[in-house]
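Colleague: Please find the sequence and the predicted model below.
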Amino acid sequence: MVTKNFQYSAFLRGPTQVLPSLDDADVILERRDDENLVLMRAERFEAGASGLRIAARALAIVARRNAALAEEVLAEELPWVTWLPDEERPECVRELLAHLIAGADTGELLPFARALMSWRSTALVWSDPQLARELQGPFPGDGPEAARPRDEA
């Protein structure tokens, strides 16, 4: 979809100069001291949300019936998945799909974005064998397990 950018202050001064752009584009309102805002027609928003729900559920069905194919599909779209150890890839696929399906259903995709960033960071660590070894411990200061404090309520 085409987007057009406007300063947020221009929108506040004269929304009638910005709103006609929504006929053929989504509008990004750029703000200096905060996150940008996106304006779009409800019909386009619903179409995107509906498409995301269908695609997420379809991918989940593929994953249930053929986990290797789902992993292959995600690895093609997210090439860094190949850096994960073989035993972690299925967990990554399951977790990302679960967040994607929940997000597509609710419209809340931030948990998916966080999981995606987390798995990508994990893959980056695994891509550096020395760093991966160092982060597996043992760590200086590791000692015996401390007793749990008693509940004095």
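Modeller: Received, thanks. Residues are numbered from 1 along each chain as shown.
Colleague: Which of the helices or strands spans the residue most central in space within the chain?
Modeller: In the chain, the C-alpha nearest the mean C-alpha coordinate belongs to A113, at 1.7 Å (CA atoms, centre = their mean). Taking DSSP states H and E as the definition, A113 sits inside helix 110-126.
Colleague: That helix packs against which elements?
Modeller: helix 89-106, helix 129-135 (3 or more CB pairs under 8 Å, 6 or more residues apart in numbering; DSSP states H and E). For glycine as for every other residue, the C-beta is placed from the backbone atoms N, C-alpha and C.
Colleague: For those, state which one has the densest average packing.
Modeller: Of the helices and strands packed on helix 110-126, the one with the most neighbours on average (mean count of other CB atoms under 10 Å) is helix 89-106, at a mean of 18.
Colleague: For that one, which helices and strands make contact with it?
Modeller: Helix 89-106 packs on helix 42-65, helix 67-77, helix 110-126, going by 3+ CB pairs under 8 Å, 6+ apart.
Colleague: Least confident of those, on average?
Modeller: Among the helices and strands packed on helix 89-106, helix 67-77 carries the lowest mean pLDDT, a mean of 84.
Colleague: if we can go back for a sec, check which residues of the helix holding A113 are buried.
Modeller: F112, A115, L116, W119, T122, A123, W126 (16 or more other CB atoms under 10 Å).
Colleague: For E77, see how far away the nearest residue to the last one once chain neighbours are set aside is.
Modeller: Taking CB to CB, 6 or more residues apart in numbering, and ignoring the residues beside it in sequence, W126 has W83 as its nearest neighbour in space, at 4.8 Å. Per CB to CB, to the nearest Å, W83 is found 15 Å from E77.
Colleague: neighbour-wise, which of these two wins?
Modeller: Legend: neighbour count by other CB atoms under 10 Å for W83 and E77, higher for W83 (17 against 8).
Colleague: mind listing what the more buried one touches?
Modeller: W83 makes contact with A123, L124, W126, S127 under the criterion CB atoms under 8 Å, 6 or more residues apart in numbering.
Colleague: Check the secondary structure at D86 for me.
Modeller: At D86 the chain is in coil, as set by DSSP: H, G, I helix; E, B strand; the rest coil.
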